[in-house]
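>>> give me a model of this one.
(one chain, ligands or ions: 1)
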Amino acid sequence: MDAVEAARELSGRSAEDCLRWTQRQFGSKAAFASSFGAEDMVILDMLSKIPLEGGARIRVISLDTGRLFQETYDLMQEARDKYGIPIEIIFPDHAEVEQLVARGGPNLFYDSVENRKACCGVRKVHPLNRALTGAEAWVVGLRRDQSAERSEVSRIAPDDSHGGIWKISPLADWTWDDVMRYVRENHVPINRLHAKGFPSIGCAPCTRAVPPGADPRSGRWWWELGAKECGLHVHETAGVATNPLPTSK
Ligand code: SF4
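The predicted model follows:
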């Protein structure tokens with residue numbers, strides 16, 4: 001199955017169906033990367049309700065950059081206790097962090113875009129690459145209306161930045177209101193910072209609250225102009241077939 005067929009397979013399906021399909025197709029060869037934002041909590045809640053039917057569950061992974069908000073750690077603990085699903089917390093390589101901090105100091109990301117990208121590389125991109133080694137698909141909570149950069153997000157597309165594995169976005173066509181409706185109706189715990197003006201939550205030194213109606217990602221790396229991505233989500237190659245889809249797990 002190529003990307004066009006895969007897209008057709010998931011077209012018109014609900015987010016829950018999309019996750020059920022992913023679990024059937026890939027099992028533990030798929031990894032859901034959660035940063036514990038509201039979208040990710042919706043996906044975690046949905047995953048917890050999908051029967052395993054003898055198969056292996058989609059892995060749940062999360063990157064601990066070492067610079068997260070306490071509120072995020074609190075939610076991580078709450079999610080672990082509520083859902084009982086193993087959550088793999090992935091840490092950066094300590095030697096890489098030590099070199100980075102020795103070179104630029106603990107707050108080097110404020111000094112230049114180059115330094116900020118270096119920090120995101122060491123604390124996010126490299127650990128994610130390590131966590132996805134051997135995976136055939138990863139699931140993310142991206143939505144098209146989060147930002148201009150994400151307006152082309154597909155339900156499923158090959159991800160060339162991770163060796164052509166499938167990148168699956170069950171909530172691609174959801175709005176923020178859809179997310180909040182699911183949260184309310186299903187009693188999903190979310191980060192307390194959302195209620196304090198943080199629609200998008202990343203590392204503490206690089207995220208701030210935004211006024212109502214502002215670009216949801218404008219609070220990320222607010223001192224920089226331009227794109228608001230850290231390198232985890234580079235532009236996808238929607239519709240390009242680069243990876244055969246396994247017909248069974
Ligand atoms: S968001 Fe900030 S602290 Fe976090 S990895 Fe990127 S530059 Fe470093």
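
>>> pull out the buried positions in the host helix or strand of residue 98.
For residue 98, the host element (DSSP states H and E) is helix 94-104. Under the neighbour-count criterion of 16 or more other C-beta atoms under 10 Å, helix 94-104 has 97, 100, 104 buried. Heads up, the C-betas are built off the backbone N, CA and C, glycines and all.

>>> now the last one: how far from residue 43?
Here residue 104 is placed at a distance of 34 Å from residue 43 (C-beta to C-beta, to the nearest Å).

>>> how about the residues of this protein by the ligand?
Within reach of the ligand by C-beta under 6 Å from any ligand atom, the chain has these residues: 65, 67, 109, 116, 119-120, 123-124, 202-203, 205-206, 230.

>>> could I get the residues you listed as JSON lines with pLDDT and secondary structure?
As requested, these are exported to JSON lines (pLDDT from 0 to 100; DSSP: H, G, I helix; E, B strand; the rest coil):
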{"residue": "65", "pLDDT": "98", "secondary structure": "coil"}
{"residue": "67", "pLDDT": "98", "secondary structure": "coil"}
{"residue": "109", "pLDDT": "96", "secondary structure": "helix"}
{"residue": "116", "pLDDT": "95", "secondary structure": "helix"}
{"residue": "119", "pLDDT": "97", "secondary structure": "helix"}
{"residue": "120", "pLDDT": "96", "secondary structure": "helix"}
{"residue": "123", "pLDDT": "98", "secondary structure": "helix"}
{"residue": "124", "pLDDT": "97", "secondary structure": "helix"}
{"residue": "202", "pLDDT": "95", "secondary structure": "coil"}
{"residue": "203", "pLDDT": "97", "secondary structure": "strand"}
{"residue": "205", "pLDDT": "97", "secondary structure": "helix"}
{"residue": "206", "pLDDT": "96", "secondary structure": "helix"}
{"residue": "230", "pLDDT": "71", "secondary structure": "coil"}
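
>>> narrow those to those that are buried.
For the residues of the chain next to the ligand, buried by 16+ other C-beta under 10 Å: 65, 67, 109, 116, 119-120, 123-124, 202-203, 206, 230.

>>> just to revisit the earlier point, of the buried residues of helix 94-104, closest to residue 193?
Nearest to residue 193 out of the buried residues of helix 94-104 is residue 97 (C-beta to C-beta; 24.2 Å).

>>> which ones are touching that closest one?
Applying C-beta atoms under 8 Å, 6 or more residues apart in numbering, we find residue 97 in contact with 66, 122-123.

>>> Serialize those to JSON lines and add fields for distance to residue 141.
Formatted as JSON lines, the contacts of residue 97 follow (distance: C-beta to C-beta, whole Å):
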{"residue": "66", "distance to residue 141": "22"}
{"residue": "122", "distance to residue 141": "23"}
{"residue": "123", "distance to residue 141": "19"}
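
>>> out of those, who's nearest residue 137?
Closest to residue 137, out of all of the contacts of residue 97 and judged by C-beta to C-beta, is residue 123, at 23.7 Å.

>>> residue ranges for the helices of the chain, please.
3-10, 15-26, 38-48, 70-83, 94-104, 113-120, 126-131, 176-186 (DSSP state H).

>>> for these, which one ends up most surrounded?
Highest mean neighbour count of these: helix 38-48, a mean of 23 (counted as mean count of other C-beta atoms under 10 Å).

>>> low-confidence ranges in this structure?
Along the chain, segments meeting pLDDT under 70 span 227-229, 234-249.

>>> let's see that with 50 instead.
Scanning the chain for pLDDT under 50 picks out 236-249.
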